[in-house]
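S.K.: Here is the input, now give the coordinates:
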Amino acid sequence: MDYLVGKCFWQVGATGKVLKDVVAVGIGGSFLGPLFVHTALQTDLEAIECARGRQLRFLANVDPIDVAKSITGLNPETTLVVVVSKTFTTAETMLNARTLREWISTALGPSAVAKHMVAVSTNLTLVEKFGIDPNNAFAFWDWVGGRYSVCSAVGVLPLSLQYGFSVVEKFLKGAWSIDQHFISAPYEKNIPVLLGLLSIWNVSFLGHPARAILPYSQALEKFAPHIQQVSMESNGKGVSIDGVPLPFEAGEIDFGEPGTNGQHSFYQLIHQGRVIPCDFIGVVKSQQPVYLKGEVVSNHDELMSNFFAQPDALAVGKTPEQLQKENVAPHLIPHKTFSGNRPSLSLLLPSLNAYNIGQLLAIYEHRIAVEGFIWGINSFDQWGVELGKSLATQVRKQLHASRMKREPIEGFNFSTTTLLTRYLEASSDIPSDPSTLLPRI
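M.R.: Numbers count the residues shown, from 1 in each chain. This next block holds a predicted model:
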């Protein structure tokens, strides 16, 4: 941990012990994207070697349980906290940051914060006010939205601390290669454009609002949750970029799970319920190959057998006539019939290294932008999350007033008033002005 991506940095904390553990504090795009890349790299042999002796954790949810899980087993003396917030005002992130600041201060003293906390932000004034030296703040462009920020300091800093910049640079080069492909390839051979057009066709013309993202690699288990945010926060709009209500449906409902786990979860609906277009993502070479003598195929071949079979099953299906020829009982034929003609696409990656992970991310980022361009919406704002935030501020003030001053609940609808009343009554044993209490796991 000799440097932080172009800045000189100390190797040791306040007590002289080497900093080997990193907790990245952020939420939304400041969390989901870096977590996806981290999870994908954790089982890559080169990345494993580069990360030896270090660990990277993420703290996103304001739920104190997430705080407990993120610091369990960590020693404040060897921990560096990276606070990621563009404005340094995000409520959940800043409360979690203050919690970890207290964790460090309680163990090592307030002066230790300067040696154990850094920031990724554009608001240096609030960074300094928090207690972090602005020289230990890493900036990024203020026009970069959180969900598109993995390739900025938001992702590069924590990932480089874990794997070294040599690995992360390969990830960036992979993403850059797709950037170049996107701006130079003709439309008929342009992967993000073609994928974006397929989504437009499925959503706005065929009326299929959902999309299943199905990576046949456990290393990509956090890919669908990240793309879920990138897609649904970018294109979940009901008006055009000019503010005119759209005369068609836009945006996709994204979800997913690695294969073959998903096959034993929700594929039943995909095959015989409502039509859900699917993205199948396969990898030619496993990061961690396993071969057992005497087995018909390797573990990875078993996985990929399912990868190749599922799109065929969706496309071709199985007719009542075929079932009759197989002597299926007549009363079971309707239950075993598969309609077929269900849309899917397949992406086959040569391997899953840092470079290919960067390519995969960039393909989907550009695909989502293409969809927004064609729908005529602004894929780079997210006003839909603001109302809930402002209402949460109102609730926060009410909880404080009710606990501290016993003020009655006012200004909410009947349902919310009832719930708040029950909540306050059931938690009345909480002191109105409690002393500091940190997780005890």
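S.K.: I'd guessed residue 324 sits against residue 333; true?
M.R.: Yes - in terms of CB atoms under 8 Å, residue 324 counts as a neighbour of residue 333; the distance is 6.9 Å. Heads up, the C-betas are built off the backbone N, CA and C, glycines and all.
S.K.: Would you mind telling me which of the two has the busier surroundings?
M.R.: For the pair residue 324 and residue 333, the greater number of neighbours falls to residue 333 (17 against 11), based on other CB atoms under 10 Å.
S.K.: The worst-scoring helix or strand of the chain on mean pLDDT: what's the following helix or strand?
M.R.: Sorted by mean pLDDT, DSSP states H and E, the helices and strands of the chain end with strand 7-8, the least confident at a mean of 38. Using DSSP states H and E, the helix or strand that directly follows strand 7-8 along the chain is strand 21-25.
S.K.: For stretch 112-126, C-alpha coordinates in CSV please.
M.R.: Only the C-alpha atoms of stretch 112-126 are listed here, as CSV (Å, rounded to 0.1, in the frame of the first residue of the first chain):
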residue,chain,number,x,y,z
ALA,A,112,-5.6,9.1,14.6
VAL,A,113,-8.4,10.1,12.1
ALA,A,114,-5.9,11.9,9.9
LYS,A,115,-3.9,8.7,9.5
HIS,A,116,-6.9,6.3,9.1
MET,A,117,-9.4,8.1,6.9
VAL,A,118,-9.3,9.5,3.3
ALA,A,119,-12.0,10.8,1.0
VAL,A,120,-13.3,10.6,-2.5
SER,A,121,-15.3,13.8,-3.0
THR,A,122,-15.6,17.1,-4.9
ASN,A,123,-16.5,19.0,-1.8
LEU,A,124,-13.1,19.7,-0.1
THR,A,125,-14.6,22.2,2.3
LEU,A,126,-16.8,19.6,4.0
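S.K.: could you give me the average pLDDT of it?
M.R.: Mean pLDDT, computed over stretch 112-126, is 95.
S.K.: can you check stretch 403-418 too?
M.R.: Here stretch 403-418 scores 95 as its mean pLDDT.
S.K.: Pull the contacting residues for residue 152.
M.R.: The neighbourhood of residue 152, defined by CB atoms under 8 Å, 6 or more residues apart in numbering, consists of 140, 141, 144.
S.K.: okay, the closest residue to the last one other than its chain neighbours: pLDDT?
M.R.: Here the nearest residue to residue 144 in space, its sequence neighbours aside, is residue 152; by CB to CB, 6 or more residues apart in numbering that works out to 5.5 Å. At residue 152 the predicted local confidence, pLDDT, stands at 96.
S.K.: Relative to residue 145, how far out is residue 152?
M.R.: Distance check for residue 152 against residue 145: by CB to CB, to the nearest Å, it reads 10 Å.
S.K.: again, but for residue 386
M.R.: When distances are taken as CB to CB, residue 386 and residue 145 turn out to be 14 Å apart.
S.K.: Those two: who's more crowded?
M.R.: Per other CB under 10 Å, whichever of residue 386 and residue 145 has more neighbours is residue 145, with 16 against 10.
S.K.: Model confidence for residue 2, exactly?
M.R.: 44.
S.K.: What is the neighbour count of residue 438?
M.R.: 14.
S.K.: isn't there a helix covering it?
M.R.: No - when classified by DSSP: H, G, I helix; E, B strand; the rest coil, residue 438 is found to be coil rather than part of a helix.
S.K.: so what's it closest to, chain neighbours aside?
M.R.: For residue 438, the nearest residue in space outside its immediate sequence neighbours is residue 103; the separation is 5.7 Å by CB to CB, 6+ apart.
S.K.: helix, strand or coil for the one you found?
M.R.: With three-state DSSP as the criterion, residue 103 reads helix.
S.K.: In this structure it contacts residue 74, no?
M.R.: No - here residue 103 lies out of contact with residue 74, judged by CB under 8 Å, at a distance of 9.0 Å.
S.K.: where exactly do the strands run in this structure?
M.R.: If DSSP state E is used as the criterion, the strands of the chain fall at 3-4, 7-8, 21-25, 55-59, 79-84, 117-120, 137-138, 210-215, 253-256, 278-283, 344-349.
S.K.: Which elements pack onto the longest helix along the chain?
M.R.: The helix of greatest length in the chain, counted in residues with DSSP state H as the criterion, is given as helix 354-375. In this structure, helix 354-375 makes packing contacts with helix 29-41, helix 165-184, helix 191-200, helix 223-235, strand 344-349, judged by 3 or more CB pairs under 8 Å, 6 or more residues apart in numbering; DSSP states H and E.
S.K.: Now do the third one against helix 223-235, angle only.
M.R.: Put plainly, it is helix 191-200. What separates the directions of helix 191-200 and helix 223-235 is an angle of 70 degrees, with axes from the mean of the first three to the mean of the last three CA atoms, to 10 degrees.
S.K.: Then the last one?
M.R.: With the same axes, to 10 degrees applied, the angle from strand 344-349 to helix 223-235 works out at 120 degrees.
S.K.: re the thing from before, select, out of the helices and strands packed on helix 354-375, the one closest to residue 271.
M.R.: Proximity of those to residue 271 was assessed by CB to CB; the nearest stretch is strand 344-349, lying at 11.0 Å.
S.K.: in its sheet, what does the closest one sit against?
M.R.: For strand 344-349, sheet partners with direction are given as strand 278-283 (parallel), following DSSP bridges.
S.K.: Off-centre distance for the partner strand?
M.R.: 18 Å (CA atoms, centre = their mean, to the nearest Å).
S.K.: what's in contact with it?
M.R.: Where contact means CB under 8 Å, 6+ apart, the residues beyond strand 278-283 that reach it are 211-217, 220, 223, 256, 259, 270, 304, 307-308, 310-311, 314, 342-352, 360.
S.K.: picking up where we left off before, of the contacts of residue 152, keep whichever come out buried.
M.R.: For these, a neighbour count by 16 or more other CB atoms under 10 Å gives the buried set as 140, 144.
S.K.: Redo the contacts of residue 152 as a markdown table? Include pLDDT and distance to residue 33.
M.R.: Formatted as a markdown table, the entries for the contacts of residue 152 read as follows, by pLDDT from 0 to 100; distance: CB to CB, whole Å:
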| residue | pLDDT | distance to residue 33 |
| --- | --- | --- |
| 140 | 88 | 13 |
| 141 | 85 | 16 |
| 144 | 87 | 11 |
